[in-house]
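Next one to model:
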Amino acid sequence: MSSIDWVVVGASLLGIVLYGVWRGRGNADLGGYLLAGRTMRWPAITLSIMATQASAITFLSAPGQGFADGMRFLQFYLGLPIAVIILAATAVPIYHRLKVYTAYEYLERRFDSKTRTLAASLFLVQRGLAAGLTIYAPSLILSVLLGWNIYITNLLIGTLVVVYTASGGAKAVQYTQVMQMAIIFLGFGIALVLILNSLPPGVSFLDAALVAGKLGKLNAIDFSFDLQNRYTFWSGILGGTFLMLSYFGTDQSQVGRYLTGRSVTESRVGLLANGVVKIPMQFAILFLGAMVYVFYLFASPPVFFNPVEVDRVRSGVYGEEFRAVESRYEEVSAERNQRVREYVEARHAGDAAVVAEAERALQGSDADAKAVRTDAVAIIQKSDPDAQTSDTNYVFLSFVLGHMPVGVIGLVLAAIFAASMSSTSAELNALSSTTSVDFYKRFVPKARQGEGPTAARREVLVSKAATVFWGIFAIAFAEYASRLGSLIEAVNILGSLVYGTILGIFLVAFYLKRVGGTSVFAAALIAETAVVACFLYTDLSFLWYNAVGCLGVVGVSLLLPKSGMKTPEPAAA
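Model (predicted):
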């Protein structure tokens with residue numbers, strides 16, 4: 001990487017931190033620190049919601065997901081438009097009317113303190129771990145680029161985020177997220193254009209798209225009904241809707257973004273606009289990965305994209321065997337290169353019979369290349385049973401470093417860092433909100449005593465300390481993230497373990513007015529046990545965990561006695 005690239009990355013990181021500290025100054029009370037004084041307009045809310053969801057994991061791992069598995073992951077988001085419409089009509093006005101700081105405050109008013117504590121605790125554990133994954137993703141870049149110890153890189157990135165998030169709160173988070181999304185769109189837009197421009201002369205955008213389609217990389221929709229298949233139309237529409245309802249309706253990292261709106265309308269429009277924009281954005285990111293796959297059809301790809309694992313196996317007892325596989329992969333890749341050129345030429349010539357034959361030859365050579373790659377992965381695993389056998393997270397990074405021009409490398413890396421910082425800052429702000437409002441103000445006697453400027457300053461100080469604590473927690477968990485395979489899947493599997501249960505609690509609160517707190521609390525414990533059992537003992541796709549948890553809470557709570565009934569207050573206390 002050139003000095004120009006380092007200047008671009010360094011200037012971007014420093015600019016984000018300084019801008020966040022500057023915009024977040026002057027928070028005198030908890031409302032200003034946690035909710036930006038409820039002053040945000042819908043465009044900032046939309047970008048903040050998108051930036052919170054689209055972490056560096058999205059921009060680092062999703063292109064690799066598109067490279068390895070095609071567009072199937074897009075189905076994960078099919079439930080999003082449905083979810084945001086439901087939430088805009090129901091949850092948003094309730095939260096605004098009650099003037100809550102966190103979503104979990106509502107549960108105590110509707111049920112009781114133990115139900116609120118359970119939901120808030122599930123959120124804290126899940127989101128604290130997820131924050132570790134969002135810190136790890138850019139740390140992976142620096143560790144590969146510089147050979148730094150991963151512990152040091154996690155600490156560096158985590159500290160940068162904690163500095164401006166702790167100092168400026170929600171205002172710093174949301175204003176920097178607007179800046180960060182601009183860097184992200186610019187970086188990845190340029191990357192996609194350059195990939196297409198890097199294709200050989202005579203290979204058009206349409207040619208590239210058709211080749212990707214013929215090799216199964218544009219398989220965006222799968223209507224088969226298979227409960228063990230992670231990504232289908234049905235898992236996206238059904239399981240995905242449950243997940244998105246829980247994420248955007250009950251996860252404080254997202255609820256906190258639209259609670260900053262100056263009105264119900266601003267919050268609603270911001271949430272709905274995200275539902276409109278998110279799927280096309282995710283399509284573009286996955287399509288970027290598919291185009292990287294097409295690019296490597298005309299180039300010479302490595303047999304495995306994780307350089308650490310490749311170096312380790314080369315220097316081990318299976319080094320000769322692995323190098324033989326690498327040589328074989330070069331041969332089959334050259335054969336595939338010839339076949340893809342023949343396919344493009346046949347398509348330009350327009351002879352249907354020749355095109356069909358060229359297509360079969362291309363698919364056969366691609367299958368041969370995949371088989372050799374499978375052999376390489378088997379040797380890596382044989383050499384080290386604990387080795388990472390998924391290189392999805394390294395595909396896009398490898399392409400950027402090897403084939404992007406000077407300056408653009410720095411811009412793309414700056415976009416990945418910006419994505420990580422935007423998501424992590426929102427997560428830390430949400431963790432701070434939940435810790436301060438749902439635990440500190442309820443369980444610490446001193447927090448319930450006194451009013452005025454002194455008490456307000458103490459609450460802000462506690463919230464800042466909570467931000468620092470959860471930053472340290474996330475950094476600690478980031479040290480283990482490398483063991484989790486594809487980051488884009490790991491973070492969503494982690495969320496699916498608790499989102500369905502939390503969503504079930506909120507659905508009962510919103511719609512089943514005759515169910516009381518004790519019943520829903522017991523139902524939530526039973527449902528969460530069922531979700532964990534599905535994860536440990538079945539092959540059920542993780543998207544269905546959300547339906548299991550949600551329907552479990554609703555169904556079991558209806559069967560239990562209607563005890564612990566409580567009528568919600570019409571407004572905040």
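
next helix or strand past the host helix or strand of residue 134?
Here residue 134, judged by DSSP states H and E, is contained in helix 113-146. Once the chain leaves helix 113-146, the next helix or strand it forms, by DSSP H and E, is helix 150-197.

ranges for the helices of the stretch 401-550 of the chain?
408-435, 441-443, 453-478, 487-511, 517-537, 543-559 (DSSP state H, counting those that start in this stretch).

could you check the angle helix 150-197 makes with the first one?
What that stands for is helix 408-435. 130 degrees (axes from the mean of the first three to the mean of the last three C-alpha atoms, to 10 degrees).

quick one: helix 408-435 to helix 113-146, angle?
Using the same axes, to 10 degrees: helix 408-435 against helix 113-146 is 160 degrees.

Likewise for the third one?
Angle, helix 453-478 to helix 113-146, by the same axes, to 10 degrees: 50 degrees.

these two touch, right, residue 293 and residue 215?
Yes. Residue 293 lies in contact with residue 215 (C-beta atoms under 8 Å); the separation is 7.4 Å. For glycine as for every other residue, the C-beta is placed from the backbone atoms N, C-alpha and C.

roughly how far out does the helix holding residue 134 sit from the chain middle?
Centroid separation between helix 113-146 and its chain, computed with C-alpha atoms, centre = their mean, to the nearest Å, is 11 Å.

so residue 366 sits right up against residue 215, yeah?
Yes. Using C-beta under 8 Å, residue 366 is in contact with residue 215, at 5.3 Å.

How confident was the prediction at residue 46?
With respect to pLDDT, residue 46 scores 90.

Next, it: secondary structure please.
Of the three states, residue 46 takes helix under DSSP: H, G, I helix; E, B strand; the rest coil.

neighbours around the nearest residue to it once chain neighbours are set aside, how many?
Nearest residue to residue 46 in three dimensions, chain neighbours excluded: residue 273, at 4.2 Å (C-beta to C-beta, 6 or more residues apart in numbering). Using other C-beta atoms under 10 Å, residue 273 has 18 neighbouring residues.

do residue 536 as well
When neighbours are counted by other C-beta under 10 Å, residue 536 registers 7.

Could you check how far it is from residue 530?
Using C-beta to C-beta, to the nearest Å, residue 536 is found at 11 Å from residue 530.

again, but for residue 359
46 Å.

Next: residue 227.
Here the criterion is C-beta to C-beta. By it, residue 227 lies 15 Å from residue 530.

swap in residue 465?
Distance from residue 465 to residue 530, by C-beta to C-beta: 36 Å.

Who are the contact partners of the residue lying closest to residue 463 once chain neighbours are set aside?
Computed as C-beta to C-beta, 6+ apart, the closest residue to residue 463 that is not its neighbour in sequence is residue 436, at 4.5 Å. Residues near residue 436 by C-beta atoms under 8 Å, 6 or more residues apart in numbering: 30, 34, 459, 462, 463, 466.

mind checking how far residue 436 is from residue 369?
54 Å.

again, but for residue 76
In this structure, residue 76 and residue 369 are 27 Å apart, going by C-beta to C-beta.

Likewise for residue 284?
26 Å.

Mind checking which of the two has more residues around it?
Between residue 284 and residue 369, counted using other C-beta under 10 Å, the more crowded position is residue 369 (23 against 15).

re the thing from before, for the helix holding residue 134, which positions count as buried?
Buried residues in helix 113-146, counted by 16 or more other C-beta atoms under 10 Å: 115-120, 122-124, 126-145.

quick one: it to helix 517-537, angle?
30 degrees.

Just the angle for helix 113-146 relative to helix 487-511, thanks.
160 degrees.

Tell me how many other residues surround residue 72.
So residue 72, with other C-beta under 10 Å, has 22 neighbours.

For residue 64, the count of nearby residues, please.
26.

Would you verify that it is located in a helix?
Yes. Applying three-state DSSP, one finds residue 64 inside a helix.

measure it to residue 392 for me?
Distance check for residue 64 against residue 392: by C-beta to C-beta, it reads 4 Å.

Quick one: residues in contact with whichever strand or helix holds residue 397.
Using DSSP H and E, residue 397 sits in helix 392-403. Outside helix 392-403, the residues within contact range by C-beta under 8 Å, 6+ apart are 1, 60-61, 63-65, 67-68, 137, 140-141, 144-145, 191, 195, 198, 288-289, 292, 295-296, 299, 302, 305-307, 409, 412-413, 485-488.

before we move on, what about stretch 462-470?
Contact with stretch 462-470 is made by 30, 33-34, 128, 131, 162, 165-167, 169, 427-429, 431-433, 435-436, 440, 447, as judged by C-beta under 8 Å, 6+ apart.

before we move on, back to that, please report how far the residue nearest to residue 46 lies from residue 133.
Relative to residue 133, residue 273 is positioned 26 Å away (C-beta to C-beta).

which residue ranges form the helices in the stretch 251-400 of the chain?
For the stretch 251-400 of the chain, helices defined by DSSP H, counting those that start in this stretch occupy the ranges 252-258, 264-297, 307-314, 319-349, 352-383, 392-403.

Now for residue 189, how many residues are close by?
Residue 189: 13 surrounding residues under other C-beta under 10 Å.

mind listing what it touches?
Not one residue lies near residue 189 by C-beta under 8 Å, 6+ apart.

what do you get if the cut-off is 10 Å, keeping everything else the same?
Residues in contact with residue 189 (C-beta atoms under 10 Å, 6 or more residues apart in numbering) are 284, 288, 415.

Take these and lay them out in JSON lines including pLDDT and distance to residue 557.
Output for those, formatted as JSON lines (pLDDT from 0 to 100; distance: C-beta to C-beta, whole Å):
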{"residue": "284", "pLDDT": "89", "distance to residue 557": "41"}
{"residue": "288", "pLDDT": "91", "distance to residue 557": "44"}
{"residue": "415", "pLDDT": "84", "distance to residue 557": "44"}
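
hang on, the earlier thing: okay, residue 227 and residue 530: which has more neighbours?
residue 530 (19 against 14).

isn't that one right next to residue 547, touching?
No. Counting by C-beta atoms under 10 Å, residue 530 stays clear of residue 547, with 11.0 Å between them.

list the residues that contact both of those two?
Residues touching both residue 530 and residue 547 (C-beta under 10 Å, 6+ apart) are residue 500.

any low-confidence regions in this structure?
Low-confidence segments of the chain (pLDDT under 70): 27-28, 141, 145-146, 446-453, 481-491, 562-573.

Next, the angle helix 264-297 makes with the helix holding residue 397.
70 degrees.
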